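[1] need a 3D model of the sequence below.
(one chain, ligands or ions: 2)
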Amino acid sequence: MVAHRGASGEAPENTLAAFRLAVEQGAQYVECDVHLSSDGVPVVIHDEKVDRTTNGTGEVARMTLAELRALDAGGWLRPEFGGEKLPTLDEALAACAGKARMFVELKRGGGEALVEASLAAIERGRCEVAVISFGPEEVRALAARRPDLPLGFLIGRATLAQHGLERALAAARERGASFFSPQQDAVDAGVIEAAHAAGMPVSVWTVDDAARMTGLAGAGVDAITTNLPALALRTLA
Ligand code: G3P
Ligand code: CA
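    Residues are numbered from 1 along each chain as shown. Ligands and ions are numbered 1, 2, ... in the order given. Model prediction:
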């Protein structure tokens with residue numbers, strides 16, 4: 001079970017508060033999203049802009065680490081989380097090290113600069129990780145640089161429908177991914193079986209419904225990403 005952006009159903013996504021809560025609840029994996037600041041530091045935030053999840057405005061890629069760190073990344077959810085900062089990737093890895101493994105998502109468009117800076121943080125940190133990305137360039141660069149790391153090929157429902165399962169699995173293999181990570185509502189037992197036949201474990205995102213978790217587990221899925229790790233742990237126990 002993978003806690004999506006931390007325990008983001010209960011704490012502000014992609015903050016240390018969300019990562020700590022996921023770890024406390026017993027998540028085996030904690031997922032986070034990474035962009036580069038304008039001064040080249042891997043920072044944990046989902047969107048290209050800070051507007052939705054902080055009290056600021058603007059594009060992450062045009063802001064320095066100091067500017068990003070000045071923002072409040074928790075008060076938008078509830079006042080008790082006021083003062084949470086946007087974590088660096090180093091801080092997120094340190095929060096989980098020895099307690100949970102991380103799924104580190106390198107956001108599409110970050111290119112080799114994002115790959116290099118993130119791998120440097122991963123190599124400095126003491127946290128076991130899998131890396132995931134939607135970006136063909138990022139997946140290829142990751143596979144070339146660190147073929148030893150588990151590497152997930154993310155694919156949304158619409159893209160999977162557009163290209164078809166066989167082509168998507170072939171693209172995942174050709175780009176060097178070691179597991180297949182589709183959006184959950186594109187997945188049924190046939191998708192899981194075909195991926196397994198192609199030698200790829202299947203890690204789905206994002207499932208917050210207990211019955212769906214049970215169904216996917218029964219169909220042989222290898223990992224489920226959820227905003228509600230406590231629910232997933234109870235359901236899948
Ligand atoms: O774990 C994969 C999932 O996080 C991909 O979608 O948009 O939530 O980053 P998104
Ligand atoms: Ca993500």
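
[2] what's near enough to touch residue 12?
    18, 53, 73, 74, 76, 77, 78, 81, 84 (Cβ atoms under 8 Å, 6 or more residues apart in numbering). Glycine gets a C-beta too; all of them are placed from N, C-alpha and C.

[3] pLDDT value on the third one, please?
    pLDDT, the model's per-residue confidence, is 98 for residue 73.

[4] using the three-state scheme, assign it.
    coil (DSSP: H, G, I helix; E, B strand; the rest coil).

[5] pull the contacting residues for it.
    12, 14, 15, 45, 53, 54, 84, 85, 86.

[6] out of those, which end up buried?
    Among the contacts of residue 73, those buried by neighbour count (16 or more other Cβ atoms under 10 Å) are 12, 14, 15, 45, 53, 54, 84, 85, 86.

[7] with distance to residue 211 and pLDDT as added columns, please give those in CSV.
    Converted to CSV, the buried ones among the contacts of residue 73 look like this (distance: Cβ to Cβ, whole Å; pLDDT from 0 to 100):
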residue, distance to residue 211, pLDDT
12, 27, 98
14, 27, 98
15, 29, 98
45, 32, 98
53, 29, 98
54, 35, 98
84, 32, 98
85, 37, 98
86, 35, 98
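
[8] and which of these is nearest residue 154?
    Residue 154 has its nearest neighbour among those in residue 14, at 16.2 Å by Cβ to Cβ.

[9] that closest one contacts residue 46, doesn't it?
    Yes - between residue 14 and residue 46 a contact is recorded at 5.9 Å, counting by Cβ atoms under 8 Å.

[10] overlap of the contact sets of those two?
    5, 33, 53.

[11] quick one, strands of this protein?
    For the chain, the strands defined by DSSP state E cover 2-3, 29-36, 42-44, 101-106, 129-133, 151-155, 179-182, 203-204, 223-226.

[12] ok and the residue in this protein nearest ligand 1?
    residue 205 (3.8 Å; Cβ to the nearest ligand atom).

[13] ok, what's across the strand from the closest residue to that residue other than its chain neighbours?
    Nearest non-adjacent residue to residue 205, counting by Cβ to Cβ, 6 or more residues apart in numbering: residue 225, 3.8 Å away. Going by DSSP bridges, residue 225 is paired in beta bridges with residue 2.

[14] burial count for residue 225?
    Number of residues near residue 225 (other Cβ atoms under 10 Å) recorded here: 24.

[15] then residue 98?
    Around residue 98 there are 9 residues (other Cβ under 10 Å).
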